[in-house]
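Participant: Pasted the sequence and its predicted model underneath.
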Amino acid sequence: MEVKLEPLLLPISDAAKALGLGRSKTYELIAAGRLETVAIGRRRLVKVDSLKALVGACQ
């Protein structure tokens, strides 16, 4: 039995692709507090839940 896990965090470039936006606009959303990120070491990752919440708020 194979368990398939959904990612909880995405790199900013992947989050931008998932939203269909450019990296600059994605950084603007992060700066505005509309996307939540987590710093792990030197990496900054976007929470998948915040992507879903952003898309849900736009509908």
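Facilitator: Everything's here; your move. Values in this document were obtained by computation on a predicted structure and should not be read as measured data.
Participant: from here on, contacts and neighbour counts on C-alpha atoms
Facilitator: OK.
Participant: And the contacts of stretch 30-50?
Facilitator: Stretch 30-50 is contacted by residues 7, 8, 9, 10, 11, 12, 15, 29, 51, 54 when judged by CA atoms under 8 Å, 6 or more residues apart in numbering.
Participant: ok, 6 Å please
Facilitator: 8, 9, 10, 11, 12, 29 (CA atoms under 6 Å, 6 or more residues apart in numbering).
Participant: Show me those residues that map onto helices.
Facilitator: If you go by DSSP state H, the contacts of stretch 30-50 have 12, 29 in helices.
Participant: out of the contacts of stretch 30-50, which are buried?
Facilitator: 9, 10, 12 (16 or more other CA atoms under 10 Å).
Participant: now the last one: how far from residue 37?
Facilitator: Note on residue 12: its distance to residue 37, by CA to CA, to the nearest Å, is 9 Å.
Participant: Then the first one?
Facilitator: Counting by CA to CA, the separation of residue 9 from residue 37 is 8 Å.
Participant: Beta-bridge partners for the most centrally placed residue in the chain, please?
Facilitator: Central residue of the chain (CA atoms, centre = their mean): residue 46, 3.5 Å from the mean position. The partner list for residue 46 in beta bridges (DSSP bridges) reads residue 10, residue 37.
Participant: Quick check: pLDDT value at it.
Facilitator: pLDDT, residue 46: 98.
Participant: Likewise for residue 8?
Facilitator: 96.
Participant: The residue lying closest to it once chain neighbours are set aside and residue 2: what is the separation?
Facilitator: In this structure, residue 8 finds its nearest non-sequential neighbour in residue 48, 5.3 Å apart by CA to CA, 6 or more residues apart in numbering. Distance, residue 48 to residue 2, by CA to CA: 22 Å.
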